[in-house]
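> Need a 3D model of the following:
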Amino acid sequence: MVVTYAYTRATPKDWPRPAGRIDRELIDSGTWPANLQPSGYVCGPTSFVESATDLLIAAGHDRERIRTERFGATGERK
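Numbering: from 1, shown residues only. Predicted structure coming up:
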């Protein structure tokens, strides 16, 4: 199993990638190639899940093999 970490605000000293959101480059370098038909799991706030799922699909991953779980606020903001 391989785990790829992406830090959004601050990175450990000498980390090879700058802090930032998941992007196409990270999907391409940190996931299994789509032609291997891997299953993908994305969990987080709705906006993150949608963005990460869109990036996976754009990279050729099968929508049916991507499992998602969303969490976050359940009511209206006041």
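> what residues does the worst-scoring helix or strand of the chain on mean pLDDT touch?
Lowest by mean pLDDT, DSSP states H and E among the helices and strands of the chain is helix 24-30, with a mean of 91. The contact list for helix 24-30 (Cβ atoms under 8 Å, 6 or more residues apart in numbering) reads T4, A6, R17, A52, L55, L56, A58, A59. C-beta coordinates here come from the backbone N, C-alpha and C atoms, glycine included.
> nearest to T46, of these?
A52 (11.0 Å; Cβ to Cβ).
> Return a PyMOL selection command for the buried portion of the contacts of helix 24-30.
A single PyMOL command is used to select the members of these judged buried by 16 or more other Cβ atoms under 10 Å:
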select buried, resi 52+55+56
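> which residues touch the residue nearest the centre of the chain?
Nearest to the geometric centre of the chain sits A52, at 4.0 Å (Cα atoms, centre = their mean). Counting by Cβ under 8 Å, 6+ apart, A52 makes contact with I22, I27, V42, G44.
> What is the burial count for the last one?
A count of neighbours around G44, defined by other Cβ atoms under 10 Å, yields 15.
> one step back: how about the secondary structure of the residue nearest to the centre of the chain?
Judged by DSSP: H, G, I helix; E, B strand; the rest coil, the three-state class of A52 is helix.
> so where do the strands sit in this structure?
Taking DSSP state E as the test, the strands found in the chain are 40-44, 66-70.
> Over the last one, what's the mean pLDDT, rounded is fine.
Averaging pLDDT along strand 66-70 yields 96.
> angle of it against strand 40-44?
Strand 66-70 and strand 40-44 meet at an angle of 10 degrees, taking axes from the mean of the first three to the mean of the last three Cα atoms, to 10 degrees as the criterion.
> Now do strand 66-70: distance to the chain's middle.
10 Å (Cα atoms, centre = their mean, to the nearest Å).
> What is that strand packed up against?
strand 40-44, helix 46-58 (3 or more Cβ pairs under 8 Å, 6 or more residues apart in numbering; DSSP states H and E).
> so which of the ones you listed gets nearest E76?
helix 46-58 (14.4 Å).
> Report the inter-axis angle for that closest one versus strand 40-44.
Using the same axes, to 10 degrees: helix 46-58 against strand 40-44 is 160 degrees.
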